[in-house]
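Engineer: here's a sequence, model it:
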Amino acid sequence: MNAYMTKSNRYATGAFIAFLVGIVMFPLLWKAAPLEYAKWQLAAAANAVVHSDWKKAEAHLAAAEQSSRQVRELPDYWGVYLKLVNGDPSRDDSTSTLIEELKEAIAENSQNRLAGNWLVELLSEQGRFAEALDCVKLTIGDAGPSDANERNQLAYYRSLANIELEDALKDIDKALAEIPDEPALLDTKAWVLYRLKRYAEALVLIDKALEELLGLIPEEYREAPADYDPAGLGTAPLGKLPATLSKERMDSIAVIRFHRMKILEALNRHEDALSDYRAIRFWGTEPDDRLY
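Structural biologist: Now for the predicted structure:
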């Protein structure tokens, strides 16, 4: 009998403690619930955008906002929203409108500037590098670049837009002071120098970048075979590298090799430029201005 009473008392005590905890936690959970539900709706909207179901995406975003206005303070919200506005064929919003939308997002919460990275990518794919540069500046913020990666990004987009080149050179030099001999940074500086028509200096840097990167590739794939597209006129089918080689890595090296090709052409070293051209095609990529 005593044991039974002790067990009952334990249950009663536990229930009382749970009741007290519930009293304290319920307001917090109630307050958090709308935002959590909004996040769920945001995830559903993102999935709808991936599948180009624009009406469903818009409905989920509307439900997210209705549940909690705070959802607009999340970078993910603006990333989904910008993709929806850009992708929905029933909308007539221009890219300039997207930039204004991004500014509105940043005004609501400075962290929303991170959503601009997707817009930078979109504008780059369209070859609109001056506008992409404006978005890069928005994503970095008024304080300016804070580390080597942001300085590199800013310098590179200035080189792509072919403007503010002296400022680009200052930024990339600061980045290289932080991370010396980093191939991606060397490539950026080489491309800035190319835009400044300082071709010989550019070649030294990009050769240094490629020397390290090509060392990461098995020797038999570093150059195109002698019988591959010997005229260099793009008449042979694009090559296809084995799946054991990282496509992402090969694509990034192809961009740098394309930069060297252009630098060599500017130096009238056309035979050497042709070697880069053939290698890029052998790797499965057309060596044209879509590489940036």
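
Engineer: quick check: next helix or strand after the host helix or strand of residue 171?
Structural biologist: Using DSSP states H and E, residue 171 falls within helix 165-178. Proceeding N to C from helix 165-178, the next assigned helix or strand is helix 183-195, under DSSP H and E.

Engineer: now do that following helix against helix 165-178: the angle between them, please.
Structural biologist: Following axes from the mean of the first three to the mean of the last three Cα atoms, to 10 degrees, one obtains 160 degrees for the angle between helix 183-195 and helix 165-178.

Engineer: can I get helix 183-195 as CSV, trimmed to CA atoms?
Structural biologist: Taking Å, rounded to 0.1, in the frame of the first residue of the first chain, the C-alpha atoms of helix 183-195 are listed here in CSV:
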residue,chain,number,x,y,z
PRO,A,183,44.7,30.4,-57.7
ALA,A,184,41.2,31.9,-57.8
LEU,A,185,42.6,35.2,-56.5
LEU,A,186,45.5,35.1,-59.0
ASP,A,187,43.0,34.5,-61.8
THR,A,188,41.0,37.6,-60.7
LYS,A,189,44.0,39.8,-60.6
ALA,A,190,45.1,38.4,-64.0
TRP,A,191,41.7,39.3,-65.5
VAL,A,192,41.8,42.8,-64.0
LEU,A,193,45.2,43.3,-65.6
TYR,A,194,43.9,41.9,-68.9
ARG,A,195,41.1,44.5,-68.8
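
Engineer: ok so, going back, let's see the helix holding residue 171 as PDB, backbone CA atoms only.
Structural biologist: The C-alpha coordinates for helix 165-178 follow below in PDB (Å, rounded to 0.1, in the frame of the first residue of the first chain):
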ATOM      1  CA  LEU A 165      39.400  48.700 -62.700                       C
ATOM      2  CA  GLU A 166      41.800  50.600 -60.500                       C
ATOM      3  CA  ASP A 167      39.600  50.000 -57.500                       C
ATOM      4  CA  ALA A 168      39.400  46.300 -58.500                       C
ATOM      5  CA  LEU A 169      43.200  46.100 -58.500                       C
ATOM      6  CA  LYS A 170      43.300  47.600 -55.000                       C
ATOM      7  CA  ASP A 171      40.800  45.100 -53.700                       C
ATOM      8  CA  ILE A 172      42.400  42.000 -55.200                       C
ATOM      9  CA  ASP A 173      45.800  43.100 -54.000                       C
ATOM     10  CA  LYS A 174      44.400  43.300 -50.400                       C
ATOM     11  CA  ALA A 175      42.800  39.900 -50.900                       C
ATOM     12  CA  LEU A 176      46.100  38.400 -52.000                       C
ATOM     13  CA  ALA A 177      47.800  39.900 -49.000                       C
ATOM     14  CA  GLU A 178      45.400  37.900 -46.900                       C
END
